[in-house]
Structure formats: C-alpha cells, structure tokens
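1. Got a predicted structure plus its sequence, pasted below:
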4 protein chains.
Amino acid sequence: MNFASDNAYGAHPAVLQALADCNRGAMMGYGADAVTEAAEGAIREMLQAPDAVVRFVATGTAANALVCAQLAPPGGRIYCHEDAHIETSECAAPEFFAHGAKLVTLPGPQGRLAPAALADAIRRGAGGGLNGGPNALVSITNATEWGTAYAPEAVAALARVAHDAGLPLHLDGARIANALAWLGCAPADLTWRAGVDALCLGGTKAGAMAAEAVVFFDPARAEGFDYRRKQSGHVFSKQRFLAAQMLALFADGLWLRLADRANALAARLAAAICDAGGSLLAPVQSNAVFAAIPAEAHRRASAAGAIYHIWPDRSAAGLDPVPVRLVTAWDTPEADLDRLAALLA
Amino acid sequence: MNFASDNAYGAHPAVLQALADCNRGAMMGYGADAVTEAAEGAIREMLQAPDAVVRFVATGTAANALVCAQLAPPGGRIYCHEDAHIETSECAAPEFFAHGAKLVTLPGPQGRLAPAALADAIRRGAGGGLNGGPNALVSITNATEWGTAYAPEAVAALARVAHDAGLPLHLDGARIANALAWLGCAPADLTWRAGVDALCLGGTKAGAMAAEAVVFFDPARAEGFDYRRKQSGHVFSKQRFLAAQMLALFADGLWLRLADRANALAARLAAAICDAGGSLLAPVQSNAVFAAIPAEAHRRASAAGAIYHIWPDRSAAGLDPVPVRLVTAWDTPEADLDRLAALLA
Amino acid sequence: MNFASDNAYGAHPAVLQALADCNRGAMMGYGADAVTEAAEGAIREMLQAPDAVVRFVATGTAANALVCAQLAPPGGRIYCHEDAHIETSECAAPEFFAHGAKLVTLPGPQGRLAPAALADAIRRGAGGGLNGGPNALVSITNATEWGTAYAPEAVAALARVAHDAGLPLHLDGARIANALAWLGCAPADLTWRAGVDALCLGGTKAGAMAAEAVVFFDPARAEGFDYRRKQSGHVFSKQRFLAAQMLALFADGLWLRLADRANALAARLAAAICDAGGSLLAPVQSNAVFAAIPAEAHRRASAAGAIYHIWPDRSAAGLDPVPVRLVTAWDTPEADLDRLAALLA
Amino acid sequence: MNFASDNAYGAHPAVLQALADCNRGAMMGYGADAVTEAAEGAIREMLQAPDAVVRFVATGTAANALVCAQLAPPGGRIYCHEDAHIETSECAAPEFFAHGAKLVTLPGPQGRLAPAALADAIRRGAGGGLNGGPNALVSITNATEWGTAYAPEAVAALARVAHDAGLPLHLDGARIANALAWLGCAPADLTWRAGVDALCLGGTKAGAMAAEAVVFFDPARAEGFDYRRKQSGHVFSKQRFLAAQMLALFADGLWLRLADRANALAARLAAAICDAGGSLLAPVQSNAVFAAIPAEAHRRASAAGAIYHIWPDRSAAGLDPVPVRLVTAWDTPEADLDRLAALLA
C-alpha cells in the first residue's frame, strides 16, 4: 500500500519494450540518433509547436534547475509558490545551477499562485534595485504540489503578469499529464497558447523509468542550452534510451490514459476518506489527495503498512486530525486502494 | 539632509590619516605586512579572542557571503530573518558564493528572530531530508535591519537553538558598533561568549572608507578560507590599506564613540517624529528610525530635499501614514537633523 | 561499421532483463530500495571494500565531476593528463561542479602520467601559494584515453606521489572493465590496494544503458555527498533502475567477459591495421586502437561507411597518414571488424 | 630593496589627496554619486570611447574574473597564455565567477600569444563540439606577464583571430599604463581601435590604493554586469572612494608619468644586470625585468635583503644561473636600485 509518491512505482511495460526495441546495433551518441530525433519530433507535434527546442534529461530536478539557470541572469529572482517543488524538494538545485539565483516564494491557497499577489511581489522586487537583484522568471507547477490544476485561463492570467514585467514563464510539468487528463484540454492550450515559455514535461511520474523533456517554445531562449546540459552531466551518451521512453509514453496518448487512471484512483480515495470522516485540504484535480484524517485512522493505516506522508511538515507529531498527502500512480493496485479505504473507514 | 543610509557618509578623518601613515615604502602584498598583522591583533584583543582568525575584506556583502559559503555544505539551508540583509540586499551573494545554498527566511517582530520559531523551522528543515537539503547555519544581524538590538542573552538563546541542532551561528555585524554602543556591553559578551561562531565586523558603516573584518572564533572553521577569499577577488594586493582603516577605528574606542553619536542622533530624530505625530514602528536601539509619518509631512520633507527610504516596500505609493526608514551616521550634521525635525513638525 | 565509441552500442540483454525484473510494484524512491542496497553491496563485495560508500549516477561526466567537487576545496588544483576525459570531453563539468576548480594538465606518453612529472607539478603548484590555489587531488584514467592500461604498480606509484603531498587519488574508471580484463588482476588490486581513494566505476561503456558507480573507499570522504548529488539532479527517483543495471553487469563477472570480448576485437583490429601498412600510436591494452593509417585507406573506409574519429584533433585535415581512434565495444559485430579490416588492407 | 611586485608599493600622494577631497558630507551609495560619474567620464574621454560602459572594482582579480564571467557562456573556453595572470595568479577566480569556464592555455615566447597558434587552438576547440565546450573569448595581457608589450598592430592581429571566430577579446590591463608609456601610443589605439572588446584598466599597480576599472566598449556586452558585480560583493557602498583614486591617476596623465618612471628604472636595472653578467630572458618593455643572474649574485643580493621572485617556478632550487623576476614601481627608491645593481655586480 504505497501512496508515498507516484515515483514509487515502476515503468509501464510499453516503456521497457521501447528500450528493447531500440537496443539494436550502433547509433551515434549524445543525441545524434534517430530515436532522439523521433522523440523530439513527437513532442513538438503533441504540443503543436513545430519550432520548439526539445531536449531530454533523466530527472525532474535536472529539468527544472537547468531551465531556471537558462532563464535567470546573475542574482536573478525566481518567483514561485512557497510549496513549489523547486523550493521544497530539489536541494537548492535551481540556486546551484543558476549560480546563486534567489527563489522568491509566495503563499497561495491550494498550491496556486494568485496573479495579483504575483504582480505585487514582482513590483516589490523591481523596487529592490541592485541590492535585491533582477527579476528573472516566474515558475509555476501544474498539476500543483497540492494536487490542484490550473486551467488554461489561470495559466494565462499568470503569464500576463509575468510578461507584463518582461519575465518568461516556466512550467514545472512533472505531473502535467495528470493536469491534462483532469482538464481535458489540449497540451498546447495549457502551455504555449496560455503563455508558457519553457516547459518541463514530466515522463518519470507519468510511467517512464527516468525521462523528462525540456521544451523551449522560442528557440532563441535555448541558446547555449546544450552546453549547459552537457556541463552538468545530463547529456547521456546512449541518449536513445531516454528518448525511447518518451516516444513510448506519447504514442497513442498512453501517458494520458495512465494519468487518467491515476486521477480516477485519487478521486476514489478522496471519496473514501471523506466517507471515513476525513476532510480534503484541497480539491482533488489530479492524482494526489491532501486530507486531514482522524489520528486513529492514521494509526490503523500505518500499522497495517500503508505508506504516505504527513504533509507538509513531514516530521510533525501528535496532530489530530493528521494532515496527509496520498499519491496514486499509473500502477497503484486497486486492491491497495480498497484496502486502505477499508482501513481508514 | 541625507538619512538614506549610514553608508552615504564618508570616512572619519582618523581613517584617512591612517591611510597616509601607512603609505610609506614597500610592504609585501596580500596581507603579509605589519599593518595587517597589527589590525588582526587589535581585533583579537578587542574581542578577547586570542585564537580567532581575522581577515579583512572591503564590503559587507563579501564578508557575509564568504562566511555563508565557508559554513554551508552543498544545498545548505541558511536560516535568517526575512528582512535580513543577506536576504534582501545582497543580490543573492550568499547563494552565489555558497554555490546554491538556500536562505530559509523567518518572520519575526522588529527584525528579530524568535528562538522557538527558529527551532521549529530547523526541525522542519531536518524533516525535509535529501530533498530539502542539509541544515547549514543560522544567521542573525545585530543591530538588526529594523534598528533593534539583540542583548547578549537574546543572542545566546538563538545560539543555543542553533548549537542544539549542530549548526554554527553567524552574526552580521555591519552595525555591531551601534548595538554595542546602545547595549553598553563588551564585544566578547555580544559575540563568542553568547555563542557566535563567525562574525562579520562592520567597519564601513562605522566610519571606515571600505573595510570589514571576518572573524572565526574557532580557527578550525577558517580552513581554506584564504583561498576562498582570494578566489572571489577579495584579497587586496595592497592589503595594508584595508587593515589601516580598521586599526584607526578600533584605536581608543573611536568606533564606539562614533556609533554613540549616531545612536544619539537617531534617538533625537525619533523623539522629533513622535512629537510631530508620527509613530515608531520599532524601538530605536541603534542608529536607525523606523516610523510611520503623516503623508503631508513626508511630502514636505521630500520636497525640501530630505533623503530617506519608504520601507520596507521602497516602491509603495499612496500610503498615509508613510512607513519610512531614516538612518543617522557618525557624520550626519546636527543641522540636518534639526532641519528635518522642523520640516516634519 | 561504428568504431566511433563504445557508447555507440546499446545495453546487454541481461541489463534490459534486469530492468524488467525489478519493474514490479512499488519501492521507496531516491535509493531507499532493496535493489539499490543489493547493487551497492555487490560492488563493495566485488571491490573487497566492505566499508566503501557506493552511489549511482547515470553518466560518467556526473560521476567524475561530482567526485572532483567532493574532493576539491575552493580554487583547488586538480592534476590530470592533458588528454584526460575530465579535461577534454566534459564541457568543463569538473570546474562547474567544483565551483571553479582548476584542472592542471600534464603531458605524458600514451595517455599516462609519469610519477616524476606529477611530483614536480604538485611541487610547483604548492609554490604558487594563495595566488595559485591549493593542491586538491590527482585524477587518472584507467584504461587511459589512449587505450593503455596502468598496472597496479603504476597506479601505486602515482598514488604515492599524491599521498606524499597529502592529496587523494581519483580514478576515472569509465573503462576500468577493459583495463581489468587486459591486466587480469583483481579490482581491489587496481583500486584501493594501489592507493585509489575515489573511483568512478563505469557501467555505460561496459554494457549498461546508463549507469555509473561512485565509490569512496574511506566513508569520511563521502560526507555530504548525497546532498551534492541530489542538488545536481543526479539522484533518480526510481533509483532501482540505475542499480539494477549495475547488478546485472556484476553478476557472474559479465562485465569482464564483455570487456574481454571488446579487447580481443581491438587486438584483432590493431593487427589488421598493422598488416595494412598502418602503425600503432599506442600499444593496445584495452578496447581502443590509436593508429596512423594511410590516407588512401582512410578515404576508402570512410567512403564505405566506417565511422571513427580522427584523433586527437578531430577537425584536422589533409594529413597522411591519418591519426585515428577506433573503439570496439561489447557488441561490435565481428563482421563489421572483418569488413573494416578488408577496407583498410 | 623590494622588487617583488609593483603592488608592494603604496599609493601616490595625489590619490590619497583625492580621497580626502571627496570625503565631505553625504553622497548616495553604490555608485550613484558625482565622483563616480566624473571618473567614468574621465576614462571614457581618455579612451576616446564615449559609449563605453565603465565600472570600478578594487582588485584586478575581480576585474578579470567578472569580465570572463560576463563574456563566457556555460562551459566556455577562454584562450590565454599559459603564464597569464588569470591562469597562474587568481586562484581559479575566472573559473569560479564563470561557473566552470575552462582556461585553455597556450605557450608563446616572452609572454605573447602568437596569432597562428591562437587560431589553431580555436579551431581545435571548435572541433571538440559539445564535449569540449563552446569557444568563449580570448584574453591577453598588456604589458604581458613577461614584461613585454604588444604593439597596437600585434593586438589587432590577435583581435582579428578572435573576431574571425566570433569571439570577443579581453585585455588584462593591470599594467597597461606601463605598456602605453613604453609604446607611446594613444590608449584608444592600444584598445578598442585594435579590436579590444573588454578592458580591465589597472589602477592599483599604477599608483592607486586599490582601484581597477572594467570597460566594455560595446554597452550591449555589459548587460546585467552591475548585478553580477553586486552579487560578487564588488560594489562598494562608499563607491566615491574607488572612483576618486582613478580620477586622480588620470588627471593630467599622472598615471603615465608614474609608469614612465617605473619603466625607466626597469631599463636601468636590466642594463645593470647585463653589465653584471646576467642575461635577459625577455626584452624589457615595461616595468619588469626577467633575467638569469649568476647564483652567486643572487645569494649576495638576497643576503643583503633584496626581495624578488625566482621565476616562473618560485620554489625552484639549486639553479645557476637563477631565473628571476624583478619589478619596479612608481615609488621604487632609486637608491634601492643602485644598491641592488651594486650587489649584483
């Protein structure tokens, strides 16, 4: 009963099959191969973005941090939610890759940035002058770290704030498949048509082994990016194996079907929690459930082996109800969900 | 009528005289000179810290950022007040020097960190594990960015929290002269006896031209620091000229007399503001006054050429009363203060 | 006919099978899983180093650069061969990860460092004092970038020079399998028994998809390494898939058998080149052949589709004979080798 | 008898007087003052470069490293002489500021880069592709680290090589005053008219206390530079004191007169060494003498207290003759020179 994270689950069989399929003979390394070319093309097509620059890395932290570094000048201020993955869960990777950028964090209900608060923060940042550092970019996550989803118009509202200040908008899409599946909109609508300038397109949580795509919709923003990626050790010599994973996920919309399944499990889990006297801390709009559950239920579930995180303060103790995060994945067994529901009830 | 900052004023004549006095003939460069040796010794003596490692740099940003880098491991979390100079006014220098450390900022009334809140934040940080990064150090400022002063026991309370978690305590002492003058305590009592591990001892705001000392009370913490300082361009070839400034300031307690004067001016200014219908936003315990003044008085003063900052949001507009920061210095003319007082009344 | 690099070939079927085998159900992420534990243990056992700290990353550049950063203080001087991979082929990754370390390169016949020249360079470096930066570490590659192998005693001689100067010895073992297969010695003899302090144990070129191990023989040297790895985006969430590759390679000595095959092909190729009027530029002691071949033979081979690099100056033109590098791999088809031999003849 | 370096001497009295002259009342900090404006203007005028961006820092290492960082993309290759100050004497500052740039060093007689060798190195660098990193800039020093001077046409020849490859040319002008004094040409002729894109204009060795100017002839290259400078702690709050030093040096050509004196002393010293049986290792075209002197003379001079460096290997021992570097300064006493000459004879 593992609900700790969607990355606790493995890779979809189609992903492993794709690895085997491309494991024939020699190809040039470092991305100069046909599989990489095909996968980059598939993503451009999926995004309806024929000019976009697409590159693959193996981890979401690498993807996010490389994009932040690419977009942030020295001392640059990166605006994000206080619970953003880049702030809480990447061991200061953006600051490292960007050589000392500063993450300026903002509160916001249910993991979402509010356009007015963002605009105000950016204005204050500009007022800081040389001392405060230059405004650099805005970063959002979709689906958010609280399992909610920004609809296209919500993204567009934040993009307008960013662009009005001359800043690009980065989207951490580690779970964009889940957002897309929940919203039912086109990838283009949730990204570049809404004003996203750089996208980290998550494969790992969506069913890959370890594969993420970085997408710059304006090629000019990607200048020098390949060297940056190489210098940080994120160019694979046998690059085809990264690309093949992504190709498998995007073929026939597999990734969205997998996300849909995970979302549906989360919705069922949320219902079970509410039935059992728990209450949701955020609406369930992707594959994560944030809920306050009775301490007694929490003890029961934990004792029976259910794995999930107390949230957001993982080391909090003695609370009743207990705030928790439960994440479903493409491969979470339904039986586990049923069993957890029974334990909580 | 410049109350924008204490660094708007020049150097004390004794500082300039000291430059002239040591401007004779040849000395070995990079700190291997007698003036540097004497100045390091004077600071050790003043601090009653015979084993301390003392080094000079020219800017407070360099001093703070080098210390943060020295004490923080990769991805390290640096706990500080949300208004700390290292957070608001150094263009992400600590993040840059420390190659991607993360400043974890905490609110706190009147520029002060609260021990309990600090302890809680450190505990949460530890709970973040690999993702959150390692806890690295605690940084405080004294006098604080809101003109208040931590007494020795207040420093000690924060030091205990830091040390209990295995973290060193850094003190940004850009205005420690003002704090010492206000508190009337010994430098040792406000620093190492209270648990401070690394001190940035401000000379510039205290009356130097451009000189700060970095002090590591435990020499083991200074290992490799000279290379770090050199690599960042903060070792002067004609190092005697940095050291001479500090020697002049610390001779006969000059720096404390200058701080005392600045503090007294601030107290007078605060009284004048209160008389004129303004209200203090923080008690005046050093050389800065944070007050809300009537918009009409603000307009009058500004129109007459008084210079100071709206605070903390420098670009805020349309407020009444107007929150402002006014800083006095060792050289602020009394006449300017009288004139400003008259304008505000 | 791809002889460009051993990383032009794919992964051994056993590696892919291992991925499938561990692709069952949920495991905790970021390395807290049984596969990772088993793989770390297998490597410790293979190296007869029960206390060693073993960690996995996906690229050799990441492995080398992380180790350099771990071992180098600010401004640190890293001594290596002028043709070392860390110097020529990692886009300044060591300098980036180590925040400005300096690679001090030394010539040396056939890719090997000479102990006396190394000792002299280290002595000169020490003489540079603050300006020159601190001596940090010595890095060697085995098999070298010229296809030669250091025998245990040769490694030990260099280790003595390093250790006498208080410096640790790093071994870039991207092709250590080939060196071991050629030398026929135990991994322990070629590493820690010979004085190696940190080892990058190559999996990718040995038949993995993308997997390298970093090994610190003294756990004290690994302090903070996990944060460093995390901060650079090189901790995989589904870490088992890195570990599984390594487990497969080290089971039953598979990696050595594969290296042996590649070495044997290289030896055959070398013989064919000599028969065809070419001459070796270095003895063939692993899976790479460095040779000067007649320009006419080069044109013939290239026209027929043989892929390999002119070396070391890849963009050199108009030479006769043509200096080339040809690399064989665990999966290079014998038919390709026969065909190339025929073309060259 | 200090001939160790020109930075062993102090500041010209006019420099100290300028500090006193501007030490009146309040000015805005961080460069927003009239002295800074005047000094920037004076340098633009002296260089006949009305559009140039001029900024002040306190050390040559800061100046050089900030420019390298400003001009180098991630992983960038910086071409310079193997004896360049940025390579030998800045503790890897350029690598640090540029977050991992790589200095590609070239030999060259008497401290000079040869255009053909530079062109070849750049071509090879381009051939390295992603692995080798992007070509970034060319850096030269004038006067060179061997006391020789590039004439304008020699600079122009190197600039052509750089520009043909699309690279900017950086000039480390720590001793450009000495080169100008020796060559007798206009500063514009030796800099931008010869193709220099970024200049580090040395004040410290020329007679300042600690002041250097960074000059970007094309303002577009300076974008974001102020933040970069601030982030590294090299913006002074009391900036006027940096600017005033430069103003004093450039008034009435003082810096060139001082350089001329130092050059003349060096010429006299060189003649004395030759008379005494020594031989020059490079022609004396500025204020440094590189010579091989009899070991007996060296012992005599050292025993009598003469200070200078064995060169370039400072820790070399037992040589006869002894290769040495002797540097004269604006303030080297003639009597010291006479005494040294007598000792060597």
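-> Structure received.

2. where does chain A come near chain D, residue by residue?
-> A:30, A:69, A:73-76, A:99-100, A:130-131, A:133-134, A:224, A:226-228, A:230-231, A:235 (CB under 8 Å from any CB of the partner chain). All C-beta atoms are positioned from the backbone trio N, CA, C, and that covers glycine.

3. what do you get if the cut-off is 10 Å, keeping everything else the same?
-> Within chain A, the residues that sit near chain D (CB under 10 Å from any CB of the partner chain) are A:29-32, A:66, A:69-70, A:73-76, A:96-102, A:129-134, A:136, A:223-232, A:235.

4. Report the entries of those residues that also contact chain C.
-> Near chain C, judged by CB under 10 Å from any CB, the entries from those are A:29-30, A:32, A:66, A:96-97, A:99, A:226-232, A:235.

5. Contact partners for A:Tyr150?
-> A:Tyr150 is in contact with A:111-113, A:140-144, A:156-158, A:171, A:179, A:183, A:190, A:194, A:285, counting by CB atoms under 10 Å, 6 or more residues apart in numbering or on different chains.

6. Same check on A:Cys80?
-> A:Cys80 makes contact with A:64, A:68, A:86-88, A:94, A:103-106, A:108, A:113, A:118, A:137-141, A:170, A:172, according to CB under 10 Å, 6+ apart.

7. List the contacts of the residue in the stretch 101-250 of chain A positioned nearest to chain B.
-> The nearest approach of the stretch 101-250 of chain A to chain B comes at A:Gly127, 3.2 Å away (CB to the nearest CB). Contacts for A:Gly127 (CB under 10 Å, 6+ apart) come out as B:His309, B:Ile310, B:Pro312, B:Asp313, B:Arg314, B:Ser315, B:Ala316.

8. repeat that for 7 Å
-> When contacts are counted by CB atoms under 7 Å, 6 or more residues apart in numbering or on different chains, A:Gly127 touches B:Asp313, B:Arg314, B:Ser315.

9. that older thread, which of the contacts of A:Cys80 fall in strands?
-> If you go by DSSP state E, the contacts of A:Cys80 have A:Leu103, A:Val104, A:Thr105, A:Leu106, A:Leu137, A:Val138, A:Ser139, A:Ile140, A:Thr141, A:His170, A:Asp172 in strands.

10. Find the closest residue to chain C in the stretch 151-300 of chain A.
-> A:Gly233 (3.2 Å).

11. what's the closest non-adjacent residue to that residue?
-> Using CB to CB, 6 or more residues apart in numbering or on different chains and skipping the chain neighbours, the partner closest in space to A:Gly233 is C:Ala62 (3.2 Å).

12. elements contacting the one helix or strand the one you found maps to?
-> Using DSSP states H and E, C:Ala62 sits within helix C:60-71. Other helices and strands packing on helix C:60-71, by 3 or more CB pairs under 7 Å, 6 or more residues apart in numbering or on different chains; DSSP states H and E, are helix C:85-88, helix C:93-97, strand C:135-141, strand C:169-173, strand C:198-202, strand C:212-216, helix C:225-231.

13. I'd like to check the angle between that helix and strand C:169-173, please.
-> With axes from the mean of the first three to the mean of the last three CA atoms, to 10 degrees defining the directions, helix C:60-71 sits at 170 degrees from strand C:169-173.

14. and the very next helix or strand once past helix C:60-71 with strand C:135-141, angle?
-> With elements assigned by DSSP H and E, the helix or strand that comes after helix C:60-71 is strand C:77-81. Angle, strand C:77-81 to strand C:135-141, by the same axes, to 10 degrees: 20 degrees.

15. Who does strand C:77-81 pair with, and is each partner parallel or antiparallel?
-> With DSSP bridges as the test, strand C:77-81 is paired with strand C:102-106 (parallel), strand C:135-141 (parallel).

16. now what about the longest one, what contacts it?
-> Read it as strand C:135-141. C:68, C:71-73, C:76-80, C:84-86, C:101, C:113, C:118, C:122, C:125-126, C:150, C:158, C:162, C:165, C:167-172.

17. likewise the first one?
-> Among residues not part of strand C:102-106, those counted as contacts by CB under 7 Å, 6+ apart are C:77-82, C:86-87, C:94-95, C:113, C:117-118, C:121, C:125, C:133, D:92, D:95.

18. Kindly recompute the last result at 6 Å.
-> Applying CB atoms under 6 Å, 6 or more residues apart in numbering or on different chains, the contact partners of strand C:102-106 are C:Arg77, C:Ile78, C:Tyr79, C:Cys80, C:Glu82, C:Glu87, C:Leu113, C:Ala117, C:Ala121, C:Gly133, D:Ala92, D:Glu95.

19. and the two most separated of these?
-> C:Ala117 and D:Glu95 (23.1 Å; CB to CB).

20. which of these two has more neighbours?
-> D:Glu95 (33 against 14; other CB atoms under 10 Å in any protein chain shown).

21. Check the gap between A:Pro168 and A:Ala159 for me.
-> 9 Å (CB to CB, to the nearest Å).

22. quick check: mean pLDDT across stretch A:268-286?
-> Taken as a whole, stretch A:268-286 has a mean pLDDT of 97.

23. sorry, back to before: can you say which of the strands paired with strand C:77-81 is packed in most?
-> Comparing the strands paired with strand C:77-81 by mean neighbour count (mean count of other CB atoms under 10 Å in any protein chain shown), strand C:135-141 ranks first with a mean of 27.

24. So what's the gap between it and the chain middle?
-> 14 Å (CA atoms, centre = their mean, to the nearest Å).

25. likewise stretch A:230-245?
-> For stretch A:230-245, the distance from its own C-alpha centre to the chain's C-alpha centre is 20 Å (CA atoms, centre = their mean).
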